[in-house]
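[1] Have a look; sequence and predicted model below, questions after that.
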Amino acid sequence: MNLKAWQSLVFQENQQLNCMIEDILINSSNMFIGDQPLRARKIYHDKQCEIGEARLMEDYFVDNSTYDDAIYRRRYQMRRSLFRCIVDVVIANNDYFQQRPDAIGSQSLSPLQKCTGVMRVLAYGTSIDAIDEYLRMSGYTTRDALMNLVDGVILCFGQAPQVSYIVNGRENNRAYYLTYYIYPSWTTFFKLITFPTKKIYKLFAQCQESCRKDVERAFGVLQDRFAFIRHPCPVWDKDNIGRIMIACIILHNMIVKNELDAYLHYYNPTEFLNNMPTNRQPESYTEDDGQPSTFSTEFELEI
């Protein structure tokens, strides 16, 4: 077959193929987007956000509110004054939380509604649409407010302290992390010595295990405070999960610092220097012979 005959054959085959495609497009109406059934339009629901705001203000944020400070602290894991401080700072740095009218002139959700909804989700670990009936806040808005509050907390309060210490006469300005052997061999990762033989290695392993236990206990306290990170996370994006975890750690540290005065009135700190409590009364009971016996609170420390 010469070149001219081959070109003629290719042209005929292309013509046949074009005719087949045109026939399919013309006779098959399902191929056209316009013939597909239209999606139902989203129905607008007037949630009456002002009702949710009025209920929230009456319950927690007005004089002689329905619920006192103790109940607010138990439900939202922080004092009311600290929550208001966080909201004010985040509002000043994020336009998302500023209240403004929508397209039909109705006021949107207030900053207190959005932040309260986020804190309830973090504290109780509930689904994002569980607060719709109380705060008139949809699941989509709650999810959006969650990530905006997380970013605001990290931006406004997440400044890490400067680390500086001297080891073997050399000054270091980077922190080290206590890890297991499964982590990469990076210079900032201090792994556990699996089988310590020398005395100094045994001492190091003992101190490292003690510090790791403290970290694990602290993480347990964090999970107890925020049920959102204790339950299976409803956020599927890995980066968002990391940001939420960082924000929860920052909030936890802020709560501890704000409530530090509540942790200091139980015992006199000097009592631990003498190994004998100074503000406990000895307990007594009556034995079978009728003579009262006294339990001493003194104890000896064994090393």
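    In hand now; what should we look at?
[2] so what's A247 up against?
    By C-beta atoms under 8 Å, 6 or more residues apart in numbering, A247 lies in contact with L149, V150, V153, I154, G158. For glycine as for every other residue, the C-beta is placed from the backbone atoms N, C-alpha and C.
[3] Please repeat the previous calculation with a cut-off of 10 Å.
    A247 sits next to 118, 122, 146-147, 149-154, 157-158, 226 when contact means C-beta atoms under 10 Å, 6 or more residues apart in numbering.
[4] now swap in D261 and tell me
    By C-beta under 10 Å, 6+ apart, D261 has no neighbours at all.
[5] and what of I250?
    I86, V150, V153, I154, C156, F157, G158, Q159, A160.
[6] any idea whether it is helix, strand or coil?
    Three-state assignment for I250 (DSSP: H, G, I helix; E, B strand; the rest coil): helix.
[7] Whichever helix in the chain runs longest packs against which elements?
    Ranked by number of residues, the top helix in the chain under DSSP state H is helix 199-225. Other helices and strands packing on helix 199-225, by 3 or more C-beta pairs under 10 Å, 6 or more residues apart in numbering; DSSP states H and E, are strand 177-179, strand 189-191, helix 238-258.
[8] Turn these into CSV, columns for mean pLDDT and distance to L56.
    Formatted as CSV, those follow (pLDDT from 0 to 100; distance: least, C-beta to C-beta, whole Å):
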stretch, mean pLDDT, distance to L56
strand 177-179, 79, 41
strand 189-191, 80, 46
helix 238-258, 91, 20
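[9] export the ones you listed to a markdown table and tack on distance to K4?
    A markdown table is the format used below for the helices and strands packed on helix 199-225 (distance: least, C-beta to C-beta, whole Å):
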| stretch | distance to K4 |
| --- | --- |
| strand 177-179 | 75 |
| strand 189-191 | 73 |
| helix 238-258 | 62 |
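[10] coming back round to it: from the contacts of I250, keep the buried residues only.
    By neighbour count, with 16 or more other C-beta atoms under 10 Å, the contacts of I250 hold I86, V150, V153, I154, G158 as buried.
[11] where does Q162 land in three-state SS?
    Applying three-state DSSP: Q162 is coil.
[12] So for it, what's the nearest residue that isn't a sequence neighbour?
    In this structure, Q162 finds its nearest non-sequential neighbour in N173, 7.2 Å apart by C-beta to C-beta, 6 or more residues apart in numbering.
[13] Kindly report the same for E58.
    T66 (6.2 Å).
[14] Tell me if I am right that the one you found is in a helix.
    No: checked against three-state DSSP, T66 lies outside a helix; its state is coil.
[15] Just read off the phi/psi values of it.
    When read as degrees, to the nearest 10, the backbone of T66 gives phi -60, psi -40.
[16] Tell me how far it lies from M20.
    For T66, the distance to M20 (C-beta to C-beta, to the nearest Å) stands at 74 Å.
[17] cool, and D59?
    Counting by C-beta to C-beta - D59 and M20 are separated by 70 Å.
[18] who has more neighbours, the two?
    D59 (15 against 10; other C-beta atoms under 10 Å).
[19] surely that one meets Y72?
    Yes: applying C-beta atoms under 10 Å as the test, D59 and Y72 come out as touching, 8.9 Å apart.
[20] what residue ranges in the chain score low on pLDDT?
    1-3, 25-45, 263-303 (pLDDT under 70).
[21] which stretches of it form strands?
    Ranges of strands within the chain are 165-167, 170-172, 177-179, 189-191, 284-286, 292-294, based on DSSP state E.
[22] Now do the third one: which elements does it pack against?
    Strand 177-179 makes packing contacts with strand 189-191, helix 199-225 when contacts are defined by 3+ C-beta pairs under 10 Å, 6+ apart.
[23] now it, how far from the centre of its chain.
    Here the centre of strand 177-179 is set off from its chain's centre by 22 Å, with C-alpha atoms, centre = their mean, to the nearest Å.
[24] Okay, buried residues for that strand please.
    L178, T179.
[25] That one pairs with which strands, parallel or anti?
    Strand 177-179 pairs in its sheet with strand 189-191 (parallel), by DSSP bridges.
[26] Next, count neighbours for the spatially closest residue to N258 that is not a sequence neighbour.
    Counting by C-beta to C-beta, 6+ apart, N258 lies nearest to L82, which is 4.7 Å off, once chain neighbours are set aside. Using other C-beta under 10 Å, L82 has 17 neighbouring residues.
[27] If anything else comes up later, I'll come back, but that's it for now.
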